[in-house]
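S.K.: Sequence first, predicted coordinates after that:
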Amino acid sequence: MYEFLGVICNLPNHATVPFFYADRRVGGLGTCRLTDDADIWTIARAAQLLTCRDPTVRNICREQLHDTIRRGFRNEHPGVLLRYAEVGSNLWTLARQVAKRLGVRIDVSGDENLRIVADDVSVSPVKAIRGLRKVARQRYTRDLISDKSHQGVVATGLSLEDKSKDMARLVSCRTPLSFRDWRYLHRARLDILPLRGHSWFCSQEQDTSCRRCGKENETGFHVLNHCEEGLQLATKRHNTIQDLLESLLVKQGHDVTINNAIPGKRLRPDVEFQLSGSRVMVDVVVCYDQPGSMENAYQRKYDKYSSHGRILPLVVGSLGSWYPRNDEIRSILGINGRSWGAFRFKARLAAIQGSMDMVCAHFHHGAPNPEAEDNPPLPVVTPYPLD
């Protein structure tokens, strides 16, 4: 199935498999692996038959299970568990095999309270499908975040904030992202854009420096945050988030000033206002979606402005991450949850759209009129085989 998803998402054949099944809140697709789903339905139906409300069905199924166990033990005392080699295949032997593959345990300590347990999830048979799908998704999410290659780096940044449904909304049927943005976004989050700095795309003999500024290795980190030729679009991305913040604070009744210089200094905080007679500054920074980068960006802003008043840095990842300490702004200013949630979603969306504009401009460097093409093609990379 992931081969088919790879073709749809325009991903190369070395895209990490957990991405397709990981939680959408960390940038995954959130789909369910068909083999896993077949196993989940098998064990769920077996458990549901054993707890069926109809006593006739329940008793027949339990007797079948007991008969399977007796034949598996060859009618001997179960001091040594024998293989079910001579039992044949039925629902209960399949359920046993599935439980082993999924790492699932069926707790039958109480006849009326059968539970299906896996990892930190314990559910009743009625809710087994949803519960076990959640377990599978959590496992793939952990695999994506712990990916030892560069493909899990952005997922670690997105996982810093996993309470909201912002990322799930972005991949819903009403997604505000354009088709062009989606073509770039998945590759950018996995850091597998066809850039010179990646060994899988260019040989060791080729020049790995940025095709535009020529100063650093051409990687997603560089293109989205450090390329001097992309500074204009990076500023536009920053200002879009700043405008959203200004609009929010004005609606909350604050008299804000924008880019107002601090007397005697060359510092210009993005947004400044008075709160209980004290100066409060909010400065926006868009950085790479890596926990270390976001922490460093927050600390730099704090060190830069803390001696001139209360500084509340707003750190947004270039691919949609949300630094948890941003929510201190809401707590301090008393912004209601609905307004703050709408702002958070719009700010993350603006960061993603601005970053996709930067990627598009980077690939069209040197084109006569790159803005005229609505859906620019990515450089061709061999997709998954369809056979």
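M.R.: Okay, I see it. Residues are numbered from 1 along each chain as shown.
S.K.: how near is D255 to R133?
M.R.: D255 sits 50 Å away from R133, going by CB to CB, to the nearest Å. Heads up, the C-betas are built off the backbone N, CA and C, glycines and all.
S.K.: Of those two, which one has the most company?
M.R.: Neighbour totals were compared for D255 and R133, and R133 leads with 16 against 9 (other CB atoms under 10 Å).
S.K.: any idea which element the more buried one lies in?
M.R.: Using DSSP states H and E, R133 sits within helix 128-145.
S.K.: How about the contacts made by G317?
M.R.: V154, G157, L158, V286, C287, Y288, D289, M294, Y323, R348, A351 (CB atoms under 8 Å, 6 or more residues apart in numbering).
S.K.: okay, now the closest residue to A44 other than its chain neighbours: neighbour count?
M.R.: Nearest non-adjacent residue to A44, counting by CB to CB, 6 or more residues apart in numbering: A128, 3.7 Å away. If you count neighbours by other CB under 10 Å, A128 ends up with 25.
S.K.: Also G103?
M.R.: For G103, the count of nearby residues is 11 (other CB under 10 Å).
S.K.: That one and D119 touch, don't they?
M.R.: Yes: G103 sits in contact with D119 when judged by CB atoms under 8 Å, with a separation of 7.4 Å.
S.K.: Who are the packing partners of the helix or strand containing I43?
M.R.: Following DSSP H and E, one finds I43 within helix 34-50. When contacts are defined as 3 or more CB pairs under 8 Å, 6 or more residues apart in numbering; DSSP states H and E, helix 34-50 sits against helix 55-72, helix 91-102, strand 115-118, helix 128-145.
S.K.: would you list those in CSV and tack on mean pLDDT?
M.R.: Formatted as CSV, these follow (pLDDT from 0 to 100):
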stretch, mean pLDDT
helix 55-72, 86
helix 91-102, 90
strand 115-118, 91
helix 128-145, 94
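S.K.: Any stretches of the stretch 201-350 of the chain with poor pLDDT?
M.R.: 201-205 (pLDDT under 70).
S.K.: again, only this time at 80
M.R.: Within the stretch 201-350 of the chain, the set of residues satisfying pLDDT under 80 comprises 201-206.
S.K.: Which parts of it are helices?
M.R.: For the stretch 201-350 of the chain, the helices defined by DSSP state H, counting those that start in this stretch occupy 220-225, 231-251, 291-305, 327-333, 337-363.
S.K.: Restrict the shortest one to CA atoms and write it as PDB.
M.R.: Going back to what we said before, that points to helix 220-225. C-alpha atoms of helix 220-225 as PDB (Å, rounded to 0.1, in the frame of the first residue of the first chain):
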ATOM      1  CA  GLY A 220      16.200  22.000   3.300                       C
ATOM      2  CA  PHE A 221      17.500  23.700   6.400                       C
ATOM      3  CA  HIS A 222      19.500  26.100   4.300                       C
ATOM      4  CA  VAL A 223      16.800  26.800   1.700                       C
ATOM      5  CA  LEU A 224      14.100  27.500   4.300                       C
ATOM      6  CA  ASN A 225      16.100  29.500   6.800                       C
END
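S.K.: mind listing what's buried in the helix holding I43?
M.R.: In terms of neighbour count (16 or more other CB atoms under 10 Å), helix 34-50 has its buried residues at 36-37, 39-40, 42-50.
S.K.: Pop the domain breakdown of this structure in here.
M.R.: By the record's domain assignment, the chain is partitioned as 34-135, 151-387 (automatic domain parsing).
S.K.: what about those, which gets the closest to N13?
M.R.: Smallest distance to N13 across the domains of the chain (CB to CB): 5.0 Å, for domain 151-387.
S.K.: Quick check: longest strand in this protein by residues?
M.R.: Assignment by DSSP state E gives strand 278-287 as the longest strand of the chain.
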